[in-house]
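Colleague: please find the sequence and the predicted model below.
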Protein chains: 2
Amino acid sequence: MGRAGGPTIYQVAERAGVSIATVSRVLRGTTPVAAHTRERVLAAVEELRFTPSRLGRSLAEGRHVANGIVFPDLSGPYFAEVLMGYEEVAAAMGRSVLILTTHGRAAARAQVLDLASRVDGMVVAVRTVDDGVVAELSARGLPLVLLARPAPQTPGPVDVIRTDNRAGAEALVAHLLTHDRRRFAFLGGPERSPDVAERWDGLVAGLRAAGVRPPAEPVRCALDERAGYAAARRLLLDRGAAGGPAPEVLVCANDEIALGAVLAAEELGVAIPADLAVTGWDDIMAARYARPALTTVRQPMRELGSRAARRLHERVAGDRGDPHHDVLPTELVVRGSCGVHQADSPTDRE
Amino acid sequence: MGRAGGPTIYQVAERAGVSIATVSRVLRGTTPVAAHTRERVLAAVEELRFTPSRLGRSLAEGRHVANGIVFPDLSGPYFAEVLMGYEEVAAAMGRSVLILTTHGRAAARAQVLDLASRVDGMVVAVRTVDDGVVAELSARGLPLVLLARPAPQTPGPVDVIRTDNRAGAEALVAHLLTHDRRRFAFLGGPERSPDVAERWDGLVAGLRAAGVRPPAEPVRCALDERAGYAAARRLLLDRGAAGGPAPEVLVCANDEIALGAVLAAEELGVAIPADLAVTGWDDIMAARYARPALTTVRQPMRELGSRAARRLHERVAGDRGDPHHDVLPTELVVRGSCGVHQADSPTDRE
DNA sequence: TTGTAGGCGTTATCAC
DNA sequence: GTGATAACGCCTACAA
């Protein structure tokens, strides 16, 4: 037993009474081997339960047959869905998947570089490391796909895949305006993710286009339920205290924030949608179960992952073409939280 | 440039005018090196942006510094949470994480074996591959931690981490009986996961202990919302048609099934909790937002992952002690879907 | 058809 | 303090 992983090719060769070259040939099917030697080799492989060392193989072949993916974190369904799509396609192509979440750590750079030395290519999502790292890896010739993150100024071909946040936000605004709401607020931190920044931009643009005055600033908060609850509560109380006009619409950067806002409103006796419309983004499961159900914008999370995997595969396979820039469409999902509609069916299951 | 990943140690050595041994020594800090040579080496490393090849390193060191984890799939919050806990701890220990989802594929065995040759140890969750594969890996000496999956009869020390499904189910039943419900049904597929099997067992045991007749069989269905909807609908319609006594309680194997069941009941005009109590398992986010909010059993998903990572780390570090068998406690979360309680606060945020 | 031998990029053990 | 050099496990020309 040569290593923890099991027997080595030498032991198989010895047992079969052949050279390691022959064993390799049988296993790889690269060169014809006499039927009877082949049998003997296979028998030895079987008896020893031999599995070639990935390390040896990769070192010799000069490739890892593995993909990396870097997320900021894994909370909420978004990244999990992306990962599903990614892993599924990568696995189907025979590639392993290494995952790294940076959690905004300072060590992120080092971790990503380490990851880079274990894979043939990788996906970098959103705010995980700064463009310097991306440029460095790209310069090294490592195939890179950026997910929901703008392409940096870098020489190498870096592909980008994202969803159309701006169009989604504009469609959302257009719908909200049909409810005759005018005083908008936006909950979320545009600096926390390029996606959120685009949603904010889309909101502002949509309102301007309709001649409605957009909010001066977003209400900055983290992208989770708790932060949404706190931010909405503060907003609703402050406006009340200041005697200023209360917001009529809360456009939230994601569903978690929106659901937190719904709880805050409920607690303060603000009726939804009568007094206040609330919208989210992503269409997570809880959005359908909230009462009223949450109006939101759905994005093809899983396809983001699968596309990234496919694109990466092409690059790893040698594609040297111009960088692709895929923008996937979003879909407005109108439910009860933004106002009353005809044939409201808040429990839609699709 | 020796490879896609960048320069090799030879190029650094040449540039610094030293041997590769010296470069290695400087980088690893293993043996003292003269200050000025050290400087020269570091300068060369810097200029060439040298990062040692993981492949070469691992081959020489005989270790990957990487952990694997095998899931059946990634849908729903359960596995994502486990993964979070796992990745976080593994990363903190400087280890990379390879993830594999088997999707019940026939190729699972081969994929797991491939994974095994890329890591120093791995976690195998639930129903992913059969015990033969586990035994094989264990026999090879690969450190293994089983997650929510019973230990097989195997020579090597295999650690197990799971939650106390039986106790959770018994506590749940005990509570449900206080509502004077007697006719129970169980929705879920015990053969789909050991967890579910234990929940079913706990239900049966809990009812027997109270002198209540348990259902003869579980209502088998997949562990998702759609399956729960379909199964509940069928159940409620059939009972109605047959004129038999309708079930008073639907104990579901997880929250997704339960929420699907709630939709089915709603659709059929069956009032919850008045006519029918419904309970889930996991306490996913949507469980809190459903109306009535879902009574469920919470399990420490994230800690399952972090514990597994820690245990694996100990084994990889050389622990040869007896197998651990950790059983984490569950927590009953009583909400509105199982009946009316004093001081009902269905929107609890904790 | 099969074997020999060099190379992949490190680490670590010897000598010097 | 530093430099050869042998592993590590595999693949693959090149020979035979």
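Modeller: Nice, I can see it. This structure is a prediction, so every number in the text was calculated from the model and none was measured.

Colleague: run the chain-centre distance for whichever helix in chain A runs longest.
Modeller: In chain A, with assignment by DSSP state H, the single longest helix is helix A:225-242. Offset of helix A:225-242 from its chain centre (Cα atoms, centre = their mean, to the nearest Å): 29 Å.

Colleague: output it as CSV, nothing but the C-alphas.
Modeller: Extracted in CSV, the C-alpha atoms of helix A:225-242 (Å, rounded to 0.1, in the frame of the first residue of the first chain):
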residue,chain,number,x,y,z
GLU,A,225,-34.5,39.6,7.2
ARG,A,226,-33.3,41.0,10.5
ALA,A,227,-31.8,44.0,8.8
GLY,A,228,-34.9,44.5,6.7
TYR,A,229,-37.0,44.4,9.8
ALA,A,230,-34.8,47.0,11.6
ALA,A,231,-34.5,49.3,8.6
ALA,A,232,-38.2,49.3,7.9
ARG,A,233,-39.1,49.8,11.5
ARG,A,234,-36.8,52.8,11.8
LEU,A,235,-38.1,54.2,8.5
LEU,A,236,-41.7,53.9,9.5
LEU,A,237,-41.2,55.3,13.0
ASP,A,238,-39.0,58.2,11.9
ARG,A,239,-41.4,59.3,9.3
GLY,A,240,-44.2,59.1,11.7
ALA,A,241,-42.3,61.1,14.4
ALA,A,242,-41.1,63.7,11.9
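
Colleague: buried residues in that helix?
Modeller: Residues of helix A:225-242 classed as buried under the neighbour-count rule (16 or more other Cβ atoms under 10 Å in any protein chain shown) are A:225, A:227-229, A:231-233, A:235-236. Where C-beta positions appear, they are placed from N, C-alpha and C, glycine not excepted.

Colleague: hmm, that helix touching chain B?
Modeller: Yes: judged by Cβ under 8 Å from any Cβ of the partner chain, helix A:225-242 and chain B are in contact via A:225-226, A:229.

Colleague: ok, stretch A:277-289 next?
Modeller: Yes: Stretch A:277-289 comes into contact with chain B (Cβ under 8 Å from any Cβ), by way of A:284-286, A:288-289.

Colleague: for the residues you listed, which one is nearest DNA strand C?
Modeller: The nearest member of the residues of stretch A:277-289 next to chain B to DNA strand C, counting by Cβ to the nearest atom of the strand, is A:Ile284 at 43.5 Å.

Colleague: B:Met84 versus the closest residue to that closest one other than its chain neighbours, what's the distance?
Modeller: Closest residue in space to A:Ile284, ignoring its immediate chain neighbours: A:Asp255 at 4.6 Å, by Cβ to Cβ, 6 or more residues apart in numbering or on different chains. Using Cβ to Cβ, to the nearest Å, we find A:Asp255 at a distance of 19 Å from B:Met84.

Colleague: which of those two has more neighbours?
Modeller: A:Asp255 (30 against 22; other Cβ atoms under 10 Å in any protein chain shown).

Colleague: spell out which parts of chain A neighbour DNA strand D.
Modeller: A:2-3, A:8-10, A:20-21, A:24-25, A:27-28, A:30, A:50-53, A:55-57, A:59-61 (Cβ under 7 Å from any atom of the strand).

Colleague: out of the residues you listed, which are inside helices?
Modeller: A:9-10, A:20-21, A:24-25, A:27-28, A:55-57, A:59-61.

Colleague: of these, which is the most crowded?
Modeller: Top of those by neighbour count (other Cβ under 10 Å): A:Leu55, with 23 neighbours.

Colleague: and the nearest residue in space to it that is not next to it in sequence, how far is that from B:Pro52?
Modeller: With sequence-adjacent residues excluded and distances taken as Cβ to Cβ, 6+ apart, A:Leu55 is closest to B:Leu59, at 4.8 Å. Separation of B:Leu59 from B:Pro52 (Cβ to Cβ): 12 Å.

Colleague: same question, A:Pro292
Modeller: With distances taken as Cβ to Cβ, A:Pro292 is found 57 Å from B:Pro52.

Colleague: quick one: contacts of the helix or strand that contains A:Tyr78?
Modeller: Element membership for A:Tyr78, per DSSP states H and E: helix A:77-92. Residues outside helix A:77-92 that contact it (Cβ atoms under 8 Å, 6 or more residues apart in numbering or on different chains): A:67, A:69, A:71-74, A:96-97, A:99, A:123, A:125, A:147, A:254, A:282, A:284-285, A:301-310, A:313, B:73-75, B:77, B:79-80, B:83, B:99-101, B:103, B:111.

Colleague: do a quick rundown of the helices in the stretch 251-350 of chain A.
Modeller: Using DSSP state H, counting those that start in this stretch, the helices of the stretch 251-350 of chain A run over A:255-267, A:285-289, A:301-316.

Colleague: and those helices, which is most packed in?
Modeller: Greatest average neighbour count among the helices of the stretch 251-350 of chain A goes to helix A:255-267 (a mean of 25), per mean count of other Cβ atoms under 10 Å in any protein chain shown.

Colleague: output the contacting helices and strands for that one.
Modeller: strand A:184-187, helix A:225-242, strand A:249-252, strand A:277-279, helix A:285-289, helix B:285-289 (3 or more Cβ pairs under 8 Å, 6 or more residues apart in numbering or on different chains; DSSP states H and E).

Colleague: swap in 7 Å and give it another go.
Modeller: Counting contacts by 3 or more Cβ pairs under 7 Å, 6 or more residues apart in numbering or on different chains; DSSP states H and E, helix A:255-267 is packed against helix A:225-242, strand A:249-252, strand A:277-279, helix A:285-289.

Colleague: reformat the ones you listed as a markdown table; add mean pLDDT.
Modeller: Below are these laid out as a markdown table (pLDDT from 0 to 100):
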| stretch | mean pLDDT |
| --- | --- |
| helix A:225-242 | 87 |
| strand A:249-252 | 97 |
| strand A:277-279 | 98 |
| helix A:285-289 | 96 |
